[in-house]
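Asker: 3D model of this:
(2 chains, ligands or ions: 2)
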Amino acid sequence: MKPFKYINAKDAPAAVKLVSENPNARFLAGGTNLLDLMKENVEQPDEVIDITRIALTQIKATSAGVSIGGLGKNTDAANHPMIRQNYPLLTQAILAGASGQIRNMATNGGNLLQRTRCPYFYDVNMPCNKREPGSGCGALEGINRMHAIFGWSETCVAVFPSDMAIALAALDAVVKIQSPGGQEKSIPFADFHRLPGDTPEKDTNLGHGELITAIEIPKNNFAEHSYYLKVRDRASYAFALVSVAAALEMNGNVIKQARLAMGGVAHKPWRALKAEQMLVGKEPTEANFKLAADAEMAEAKPLEHNKFKVELGNRSIVLALQMAFNSDKS
Amino acid sequence: MQDKNTTIGKPVNRIDGILKVTGKADYSTDHPVQNPAYAVIFKSTIASGKIKRIDSIAAEKSAGVLAVITHNNAPKLNPKGGIRGGALLQNADVLFYGQHIGVVVAETFEQARHAADLIKVEYEQSDARIDFEKIYKDGVKPKDKEDEKRGDAKAALENAEVKIEETYATPIYHHHPLEPHATIAEWQGDKLTLYNSSQIVNGAQNAAALTLNLKPENVHIVSPYIGGGFGSKGGQWGNLILAAIAAKMVNRPVKLALTRQQMFNSVGFRQRNYQKVSLAATKDGKLTALAHETSTHAAIQDEFVEPCGDCSKIMYDTPNSLISYRVTPMNLILPTYTRGPGKSTGSFALESAMDELAYKLKMDPIAFRLKNEPEKDPSNGKPWSSRKVVECLNVGAKAFGWEKRKMEPRQLIQDNYLIGYGVACGTYPAHQRDSSAIVKLKREGNNVTATIELAAADLGTGTYTILAQTAADALDLPINKITVKIGDSDLPPAAGSVGSVGATSYANVVNDVCNKVTDELIARSGKQYFVRPTASQLMISEKIADIQARADSKPLETAEQYSSHSFNANFAEVWVNQSTGMVRVERFLAVTGAGKILNPKTARSQIIGGNVWGIGMALTEESIVDPRYGHFVTRSLAEYHVPSNLDIGELDAIFIKEEDTLSNKLGIKGIGEVGIVGVAAAVANAVFNATGKRIRELPILPDKLL
Ligand SMILES: Cc1cc2nc3c(=O)[nH]c(=O)nc-3n(C[C@H](O)[C@H](O)[C@H](O)COP(=O)(O)OP(=O)(O)OC[C@H]3O[C@@H](n4cnc5c(N)ncnc54)[C@H](O)[C@@H]3O)c2cc1C
Ligand code: SF4
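Answerer: Ligands and ions are numbered 1, 2, ... in the order given. Predicted structure coming up:
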């Protein structure tokens, strides 16, 4: 680990100023990802700006829905009564991630910015275009069981590992940002994370020095019928092979609105828009769920070791939709 | 001896428990030393070749750095001194990815780690043997393992009424004790103290001395507490020696701890195995042949082959048997003993095959096993000192509710889950090894206390506690009057805590030495007693202030006439999610016949700990080598998945009452290893019963069940 300077930021503008003035500075939130990456020399900041004392931790109702502080802890977001009641999909997704201890440290902003768990990215002795543009992709022809089946490019086949973000994508959240100039920005969730294209080093559309201040979720009618399904190699404390955030709004026996987002399959939360569209106006039957899943998964392009993700993704969409539909009954 | 005072067989709490939970038990690098420096190892990033140049200028100039040690300036050592895995900086050769190629020593750990990152190495690469799938067929007979044949297994297989021939694959598994390998080395003149976790205290002493060209008496191993080892701290590895030479070069005590990432290629692992098992039987289920042929790999310059065929040699009665091994060198670190070496992986193959054949015969797998129960050890004709397989199976079947199992797969369904039951047996040899011990008795007024001393090891398993119990009973003292001193090479030499010999060897010598001191006290009193008095009674009645005795115990001379092993039967109930393929072990029961159980509480922990690891073997654990580079892709505990709490429901352990005094005086057999044996097969068999899918390649990850 490279020696670095540690600075405690007193407020958001100060933090933004410090980081934006130095391309090698990083915000330090819970540190559960950044510090690991620093120990492995994947990240080598020379200045670390601690933002954990900035009071952007509140969860509050707004006219549009709810606003979750960017520096609040994952545990607090998951367990807040308003979230549990109105956005149970988000609670489930957060609690499906990491471990109790890590969620107690991890922040909501940090969660969205955690980096891929691709093992070649983590190992500085391996080629990786994301870590070192132009060095090649270690996973493309390497061990890629955990990697992408949608939206990848020859330069990078990594997946984005967050669970929380998959629920936020399904719920059409908006990321609130404070920019270096002092202005506030909003980025809709669908535009926040990126596909790798030719610039896999860029995970998101957040600029250097921009601080996530809050995440807003609009009001919705999904609370009765939603479910976060996470399939993984062990029952807890493992990243998703495939995950599905499913939410339905019913009108009698007909689906009025459907939301589906997938984790573990792409470089960003993968909104299954095709499947969503196919479900609207349909009855919530297994056959209809299956048709939607087939349509979505038909586009998948698996790699050498992750062909199973196509079938698994298909089954997971169906199961998640069933669980979502029945979630008011349990 | 009065009954009220016996502690053996009682669930006594660990006597070192409070020390551990309050952080007062000093593990390797916790020991207070004056002014320590810190060493960090750096490693090769190619799998095969030569180091052309090491540029350490920046590292040497980096803040706080005291020394950079490479093959260019390391002292000449004895590479045949008994350190496992090479990597002692003796030449420019690189034999595997992640081989130690140097050490940086600095004032602080952070400075040493940063400087190590500044080292630049140029290599001359050569072709590496790293793709097991491509090269395992080149395997040859290991140096120390001839094919073992009884009868003619091949012919019996050809003429079989019913048979199966299948290959079972297991991946590389790592030990990953909670405490990584760590050492403090401190020199005083030519005397060296090594604070170092050592499963074999005297073994570590001898290997370090021989390798460093010192006399064994000049090497002092201090290892009072060990944060787990599972075989990886049995033999010692290069890191121990690098700590010693670093301390010598900077003339200060040096602390060297491996990082978790470094643990993957520093201290061995359980090798990958392809095991072909062929079974032949008559239509009514009598085995006629058993062949167990293992293909595996070892290191380039050194061989270690875990004995996968061992269970197959003794578990079942068959007139024809073949056990063979083929091994191929690979550019990976030397494999090594790993909990239940050979037996845990071997039993996965054998007991899966037994299950497959039982299905083919349409027999209950328990009935099939009972039908092939051998009266004597089939491999050598010796009588068993004791063997409780039948009891394990019967008691287990009843306790587990085996009658609820349906023979046909996919019959038990609840919601979205397929439920299955599996059974599998296991075994591990029981031996006593030479050990010595001293007892020191002291009396103040009517207060008699005892100290027991021997160079035993406690890996966290409960050695302190069972030795205190043994001494308390033999001396007729309350357990809180006993002090146990172990884990130090200045104490009388003792066996290692390896291969399930620890409890047997230690408890017997402690019992012997306590009896011996009592004999001496009786002799000193010069009186005849109608009822044998206890040591403490004699100390008081004869007003003796202190006395000590030493015993050097050996195995019973008659023990070799018997075949002595622990045995078990494992029962698993799994729930498989039909949509996702995720498996949960809802219930697991191990029934074990392992001689006298000294402490049912620590024994239960041993067994269920082994069970958890066996479940990990079956379902989650796997170390993956990239066949292009030879590095481990899974290089942290975020990728090397040990089971989590949520993967496992209820665990239960039952011990069959057994005192095997033909094996050793106290009738103990050892439980450390057997707890993992047969576990993976029980889980895999349950998965088959649930799903109808026979998975012959571990671990059974969700995608294999889609
Ligand atoms: C063993 C392990 C298992 C895990 N398993 C899971 C899992 O199953 N599912 C899952 O979803 N996650 C998992 N995680 C990841 C965990 O959720 C993230 O590490 C965590 O959410 C990151 O939050 P943090 O506050 O600690 O971020 P930090 O590590 O502090 O920061 C991460 C990055 O975000 C930047 N940053 C932080 N806050 C802000 C902000 N407000 N504005 C702008 N930039 C910011 C930092 O500069 C840094 O680059 C796991 C982590 C570990 C270590
Ligand atoms: S998949 Fe992406 S992160 Fe992984 S090695 Fe390739 S470029 Fe790097």
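Asker: counting residues per helix, which one in the chain is longest?
Answerer: Because you didn't say which chain, this covers chain A. helix A:308-326 (DSSP state H).
Asker: chain B was what I was after
Answerer: Using DSSP H, we find that the single longest helix of chain B is helix B:502-525.
Asker: B:Thr294: neighbouring residues, count only.
Answerer: Neighbour count of B:Thr294, defined by other Cβ atoms under 10 Å in any protein chain shown: 29. Where C-beta positions appear, they are placed from N, C-alpha and C, glycine not excepted.
Asker: try the one 4 residues further on
Answerer: A total of 21 residues lie near B:Ala298 under the criterion other Cβ under 10 Å.
Asker: around chain B, which positions in the stretch 1-150 of chain A sit nearby?
Answerer: Contact residues (Cβ under 8 Å from any Cβ of the partner chain) of the stretch 1-150 of chain A with chain B: A:1-3, A:40-41, A:117, A:119-120, A:122-123, A:125-126, A:138, A:141-143, A:145.
Asker: sorry, back to before: mind giving me the packing neighbours of the longest helix of chain B?
Answerer: strand B:435-444, strand B:447-453, helix B:463-475, helix B:535-541, strand B:546-553 (3 or more Cβ pairs under 8 Å, 6 or more residues apart in numbering or on different chains; DSSP states H and E).
Asker: any residue of stretch B:607-615 touching chain A?
Answerer: No - Stretch B:607-615 is not in contact with chain A by Cβ under 8 Å from any Cβ; minimum separation 10.2 Å.
Asker: list the contacts of that stretch.
Answerer: B:230, B:339-340, B:344, B:570, B:585, B:588, B:590, B:592, B:642-643, B:647-648, B:651-653, B:671-680, B:682-683 (Cβ atoms under 8 Å, 6 or more residues apart in numbering or on different chains).
Asker: now swap in stretch A:162-170 and tell me
Answerer: A:74, A:77, A:87, A:89-90, A:92-94, A:96-97, A:108, A:111-112, A:114, A:189-190, A:193, A:215, A:217, A:228, A:230, A:240, A:243-247, A:259-263, A:268-271.
Asker: how many neighbours does the spatially closest residue to B:His176 that is not a sequence neighbour have?
Answerer: Of all residues not flanking B:His176 in the chain, B:Met263 sits nearest, at 6.4 Å (Cβ to Cβ, 6 or more residues apart in numbering or on different chains). By other Cβ under 10 Å, 23 other residues sit near B:Met263.
Asker: now the closest residue to ligand 2 within the stretch 151-300 of chain B: how far from ligand 1?
Answerer: Nearest to ligand 2, among the residues of the stretch 151-300 of chain B, is B:Gln261, at 17.2 Å (Cβ to the nearest ligand atom). According to Cβ to the nearest ligand atom, to the nearest Å, B:Gln261 and ligand 1 sit 13 Å apart.
Asker: is it true that that residue touches B:Leu637?
Answerer: No - with contacts counted by Cβ atoms under 8 Å, B:Gln261 stays clear of B:Leu637, the gap being 9.8 Å.
Asker: who in chain B is up against chain A?
Answerer: Residues of chain B lying near chain A (Cβ under 8 Å from any Cβ): B:45, B:63, B:110, B:113-114, B:117, B:261, B:416, B:579-582, B:584, B:619-620, B:624, B:626, B:628-629, B:631, B:633-636, B:638-639, B:641, B:643-647, B:701-703, B:706.
Asker: can we see that at 6 Å?
Answerer: Within chain B, the residues that sit near chain A (Cβ under 6 Å from any Cβ of the partner chain) are B:45, B:117, B:579-580, B:620, B:624, B:626, B:633, B:641, B:644, B:646-647, B:701-703, B:706.
Asker: buried only: go through those residues for me.
Answerer: B:45, B:117, B:579-580, B:620, B:624, B:626, B:633, B:641, B:644, B:647, B:701-703, B:706 (16 or more other Cβ atoms under 10 Å in any protein chain shown).
Asker: which residues touch the residue of the stretch 201-330 of chain A found nearest ligand 1?
Answerer: Closest approach between the stretch 201-330 of chain A and ligand 1, counting by Cβ to the nearest ligand atom: A:Ile212, at 3.7 Å. Applying Cβ atoms under 6 Å, 6 or more residues apart in numbering or on different chains, one finds that A:Ile212 lies in contact with A:70, A:109, A:175.
Asker: coming back round to it: how close does the residue of the stretch 151-300 of chain B closest to ligand 2 sit to B:Ile333?
Answerer: 14 Å (Cβ to Cβ, to the nearest Å).
Asker: higher neighbour count, those two?
Answerer: Ranked by neighbour count (other Cβ under 10 Å), B:Gln261 and B:Ile333 place B:Ile333 first, with 28 against 19.
Asker: surely that one and B:Gly85 touch.
Answerer: Yes - with contact defined as Cβ atoms under 6 Å, B:Ile333 and B:Gly85 form a contacting pair (5.2 Å).
Asker: host element of A:Tyr7?
Answerer: No, residue A:7 isn't Tyr; it's Ile. Using DSSP states H and E, A:Ile7 falls within strand A:5-8.
Asker: what are the buried residues along that strand?
Answerer: For strand A:5-8, by 16+ other Cβ under 10 Å, it's A:Ile7.
Asker: next structured bit after that strand?
Answerer: helix A:12-21.
Asker: now for that next one, which elements pack on it?
Answerer: Under the contact definition 3 or more Cβ pairs under 6 Å, 6 or more residues apart in numbering or on different chains; DSSP states H and E, helix A:12-21 sits against strand A:47-50.
Asker: what about B:Thr296, which SS state?
Answerer: Applying DSSP: H, G, I helix; E, B strand; the rest coil to B:Thr296 yields a three-state assignment of strand.
Asker: burial count for it?
Answerer: 26.
Asker: same question for B:Gly401.
Answerer: By other Cβ under 10 Å, 13 other residues sit near B:Gly401.
Asker: may I have the predicted confidence score for it?
Answerer: At B:Gly401, the predicted lDDT confidence score is 98.
Asker: domains for chain B, by residue range?
Answerer: What automatic domain parsing lists as the domains of chain B is B:17-25+B:432-554, B:31-127+B:178-228+B:233-265, B:340-431+B:560-705.
Asker: give me whichever of those is most buried.
Answerer: Ranked by mean neighbour count under mean count of other Cβ atoms under 10 Å in any protein chain shown, the domains of chain B are led by domain B:340-431+B:560-705, which reaches a mean of 22.
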